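>>> My questions are about this predicted structure, shown below with the sequence.
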Amino acid sequence: MFTGVIQTIGNISKIESNDSDSRIVFKVEKFILDDMKIGDSISVNGVCLSVIEKKEDTFSVDVSNETMRLTTFSVLKPNNNVNLEKAMILLDRINGHFVSGHIDGTGIIKEKKKEGRSTFFLIEFPYDLKKFVSRKGSISVDGVSLTINVIKGSSFGVNIIPHTLLETIMSEYEEGTKVNIEVDLIARYLDKLLEK
């Protein structure tokens with residue numbers, strides 16, 4: 001489990017692909033690896049992955065073809081930056097919301113504009129997620145815990161404060177950028193419980 005509060009930005013150092021999966025090596029600030037062990041979970045752009053190797057300033061993960069197909073990992077390349085968050089510790093404050101790292105779909109940045117000191121993004125999402133998306137509800141975009149401010153058809157709008165823009169890869173978003181989306185965990189389970 002994660003909180004959606006990004007801890008640092010990493011960089012893709014290498015991608016090795018074969019028919020069944022891919023191995024990706026990320027370069028990171030050393031502090032992110034200090035207390036991590038092989039097998040620990042880490043959120044990379046909102047996707048929960050397991051650390052399978054770590055060195056002084058790099059770690060590696062294996063990514064299945066299913067994950068590649070369902071997330072923005074299919075378009076990532078070496079030297080791309082990524083949002084990183086280690087799994088939460090139960091003694092920590094939960095500053096965002098509960099994020100599982102299981103992506104529900106991908107969205108597309110449709111609009112980016114300044115609104116005062118913040119930056120507004122309008123993000124188009126898959127129509128089948130509409131029932132989980134509500135004004136003032138929580139949503140995770142590339143692993144970042146956000147509050148939905150507006151809904152326009154099959155798009156939602158979020159306002160990003162300067163700190164979040166600076167500390168995540170959201171500063172790199174332009175119109176047309178693909179992003180990973182995870183809907184609110186509670187909304188997902190409530191929908192399942194209310195099914196006839």
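That came through fine. Just so you know, these numbers come straight off a predicted model, no measurement behind them.

>>> drop to CA atoms for contacts and neighbour counts, all remaining ones
Will do.

>>> what ranges do the strands span in this protein?
8-17, 21-27, 41-44, 47-54, 58-64, 81-86, 105-115, 118-124, 138-141, 144-147, 150-152, 155-160, 178-183 (DSSP state E).

>>> Of all those, which one is nearest residue 72?
strand 178-183 (6.1 Å; C-alpha to C-alpha).

>>> Adjacent strands (with direction) for that closest one?
Note on strand 178-183: by DSSP bridges, its sheet partners are strand 105-115 (antiparallel), strand 138-141 (antiparallel).

>>> can you list those strands in CSV and add distance to residue 175 and mean neighbour count?
CSV is the format used below for the strands paired with strand 178-183 (distance: least, C-alpha to C-alpha, whole Å; neighbours: other C-alpha atoms under 10 Å):
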stretch, distance to residue 175, mean neighbour count
strand 105-115, 5, 17
strand 138-141, 15, 25
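
>>> returning to that earlier point: so for residue 94, which of the strands of the chain sits nearest?
strand 144-147 (10.9 Å).

>>> contacts for that closest one?
3-6, 45-46, 83, 96-97, 99, 135-140, 158, 168 (C-alpha atoms under 8 Å, 6 or more residues apart in numbering).

>>> Check the model's average confidence along that strand for me.
Strand 144-147 shows an average pLDDT of 95 in the prediction.
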